[in-house]
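>>> Kindly return the folded structure for what I paste below:
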Amino acid sequence: MTGRDKLTIPSMFASSAAKHANANALSFVGEKPLIYSQMLLRIDSLIAYLETLGVRPGDRVAILSSNMPNWGICYLAICFMGAVVVPLLPDFLPGEIENILDHSASRVLFVSAGLKPKLENIKAGGLKQVIRMEDFSTDGPPVLIPAYDTGRKSRNQYTVSDEDLAAIIYTSGTTGSSKGVMLSHGNICSNVLSCRPFHAVKEGDRFLSILPLSHTFENTIGFMVPMMNGACVYYIQKPPSPSVLMSAMKEVRPTIMLSVPMVIEKIYFQKIMPALYGKKAIRFMMRMPLMRRTLHRAAGRKLMDSFGGELEFFGIGGAKLNTRVEQFLMDAGFPYAIGYGLTETSPLLAGAAVGKTRLGSTGPAVEEVELEIHDPDPHTGKGEIWARGPNVMKGYYREPGLTAEVLTGDGWFRTGDLGTFDADRNLYIKGRLKNMIVGSSGENIYPEEIEFVINNFRHVVESLVIEQKGKLVALVHINLEEIEQAYQNLREEVSNFMEEKVEEILKEIKEYVNARVNKFSQVHAVVLQSAPFKKTATQKIKRFLYS
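Numbers count the residues shown, from 1 in each chain. Next comes the predicted model:
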């Protein structure tokens, strides 16, 4: 077997399953896990079932499902037989699902019970069969459609190379356009190997999954990495509300978790910050760096206990982490790590391991990946981030024009993100090139930099800076519950106090921001965004809905 043959999902998983045959692999929280040897048997029986349905190498097979052990079995079975997985995000609308099924020409769709209602009015001409994810059953006549049999063995032997297509992943982007990213076996497997320096995942490690498996971040790092190293992944059967999540962490006692910033930011702003700043004496002590770190360490120990007490690695990616939250995590000694990547890069491009993070940075490039700042500004060093490596996609499915726009002839991928390097080649993300606003005098304005300032103001949960009639306007979502709690007595005495207080805070935000940005980036108005912003799967704000 050559090195190229080994850099495939079937080869790497088969090797892992042989080494960790009796180790726990996949489970729902509170249930007995499947072990690796059982996974191999189920994968083979599902391949046999797909064979009876006429699925052949190269065929597209879609997955629309909540996270569960059968999701992983299904994904691996499709890859093992050389077919192509088309994962669909659970929050896709019926119209989006229909378009993706048609565009990808998917022949078979696996769907979980809770998401099946989205298919009621869908008409996808190439779709031949819909299979229930929970038990691999179908709704068709049993005479015409054979039943799934756990004892059936596949008939054919399949040869898969590293260049073969493994998945087409349709992104749910901040711009509203969805493109099919083509990832090969080599793309995904090379990224799995690139994760090794960040944390030594081993047999006995317990992952608690809280992000959708249909997103590349969770799929590669939260599923493929543990599967290739003998670890076990646990899934939550209910929506991950705070009470459900707390119970799951107590049950599983995870050693590794992956998260988007919103999860840890909510914990900080709703639980930790009120406790730290709720009393005048503590607020005074928080002004002194030594006392701040001492109080943060004490809060960090409680936070670790709430995660089950055995957490070794808490990977954060998908969006920029609030600086105040990161400063707390750093002071508290919480085992967080930062990563940066895109669906088009399988996804990881840069990362900083536990204990090696730098405030505001995503860390240096991962192994085998080159990063450069293209055409940097001579004064700021800021420019578009370009990436090259074995993890860069093959292109956008059936979109040669769009592919040519982002892939250069010598293999560089134009990320569309703006960034800078420090002296040690640590990467700092500065925003999206497409989000850049050109001011009235031709100056470049980067809304993310203004939002970064706004989001560090007390009470602010998130913000969005847009252009309206040539002026910069900040839409701000603030923590009203926190304000109500802080001013409860006054609110009871004066009925319109809360409204006045909110207006006062919005005015303070405007003054705070304009004192900290250049004259071209000063905001004309700050407007209350009463409801949370609509977001993508990785909790990035869908800017196109508000611009």
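>>> use CA for all of it now, contacts and neighbours both
Noted.
>>> Pull the number of nearby residues for residue 443.
Using other C-alpha atoms under 10 Å, residue 443 has 12 other residues around it.
>>> before we move on, what about the one 10 residues further on?
For residue 453, the tally of surrounding residues (other C-alpha under 10 Å) stands at 18.
>>> again, but for residue 405
Neighbourhood size, residue 405 [other C-alpha under 10 Å]: 10.
>>> cool, and residue 120?
Look at residue 120: counted by other C-alpha under 10 Å, it has 8 neighbours.
>>> how about it, what does it touch?
By C-alpha atoms under 8 Å, 6 or more residues apart in numbering, no residues touch residue 120.
>>> Kindly state the pLDDT recorded for it?
At residue 120, the predicted lDDT confidence score is 91.
>>> cool, and the one 10 residues further on?
Per-residue pLDDT puts residue 130 at 94.
>>> Next: residue 444.
Taking residue 444 on its own, its pLDDT is 77.
>>> mind starting the numbering at 56 from now?
Right, with 56 as the first residue, what we last looked at is residue 499.
>>> Quick check on it: phi, psi?
Per-residue torsions, residue 499: phi -90, psi 130 (degrees, to the nearest 10).
>>> Distance-wise, check it relative to residue 369.
Residue 499 sits 35 Å away from residue 369, going by C-alpha to C-alpha, to the nearest Å.
>>> For the stretch 406-555 of the chain, just list every one of the strands.
Along the stretch 406-555 of the chain, the segments classed as strands by DSSP state E, counting those that start in this stretch run 425-429, 438-443, 450-451, 468-476, 482-487, 492-493, 499-500, 515-523, 526-533.
>>> To residue 83, which of those strands lies closest?
Of all these, strand 515-523 sits nearest to residue 83, with 32.1 Å by C-alpha to C-alpha.
>>> What strands line up against that closest one, and which way round?
Strand pairing for strand 515-523, using DSSP bridges, gives strand 526-533 (antiparallel).
>>> Need the CA coordinates for the partner strand. CSV is fine.
Presented in CSV, the C-alpha positions along strand 526-533 are these (Å, rounded to 0.1, in the frame of the first residue of the first chain):
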residue,chain,number,x,y,z
LYS,A,526,-23.2,57.0,7.1
LEU,A,527,-22.0,54.2,9.4
VAL,A,528,-24.7,52.8,11.6
ALA,A,529,-24.1,50.3,14.4
LEU,A,530,-26.8,47.8,15.2
VAL,A,531,-26.2,46.7,18.8
HIS,A,532,-27.8,43.8,20.7
ILE,A,533,-27.4,44.4,24.5
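>>> of residue 499 and residue 369, who's got more company?
Legend: neighbour count by other C-alpha under 10 Å for residue 499 and residue 369, higher for residue 369 (20 against 13).
>>> The more buried one belongs to a strand?
Yes - membership of residue 369 in a strand is supported by DSSP: H, G, I helix; E, B strand; the rest coil.
>>> So what does the closest residue to it other than its chain neighbours have for phi and psi?
Leaving aside its sequence neighbours, residue 369 sits nearest to residue 391 (C-alpha to C-alpha, 6 or more residues apart in numbering; 4.5 Å). Here is the backbone geometry of residue 391 (degrees, to the nearest 10): phi -100, psi 150.
>>> What score does residue 391 have for pLDDT?
pLDDT, residue 391: 97.
>>> Also residue 513?
pLDDT for residue 513: 79.
>>> so where do the strands sit in the stretch 106-255 of the chain?
Under DSSP E, counting those that start in this stretch, the stretch 106-255 of the chain gives strands at 115-119, 139-143, 163-166, 184-187, 220-225, 235-239.
>>> what angle separates the longest one from strand 235-239?
Per axes from the mean of the first three to the mean of the last three C-alpha atoms, to 10 degrees, the angle that strand 220-225 makes with strand 235-239 is 160 degrees.
>>> Show me which parts of strand 220-225 are buried, residue by residue.
Under the neighbour-count criterion of 16 or more other C-alpha atoms under 10 Å, strand 220-225 has 220-225 buried.
>>> about what we covered before: turn the strands of the stretch 106-255 of the chain into a markdown table, including distance to residue 193.
Below are the strands of the stretch 106-255 of the chain laid out as a markdown table (distance: least, C-alpha to C-alpha, whole Å):
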| stretch | distance to residue 193 |
| --- | --- |
| strand 115-119 | 14 |
| strand 139-143 | 19 |
| strand 163-166 | 10 |
| strand 184-187 | 5 |
| strand 220-225 | 23 |
| strand 235-239 | 27 |
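>>> Tell me how far residue 62 lies from residue 68.
When residue 62 is compared with residue 68 (using C-alpha to C-alpha), they lie 10 Å apart.
>>> Just tell me which of the strands of the stretch 106-255 of the chain ends up closest to residue 431.
In terms of C-alpha to C-alpha, the element of the strands of the stretch 106-255 of the chain nearest to residue 431 is strand 235-239, at 27.4 Å.
>>> Give me the contacts around the closest one.
For strand 235-239, the external contacting residues (C-alpha under 8 Å, 6+ apart) are 217-226, 398-399, 401, 447-452.
>>> Name every strand pairing with that strand and say which way it goes.
Paired strands of strand 235-239, with direction, are strand 220-225 (antiparallel), strand 450-451 (antiparallel) (DSSP bridges).
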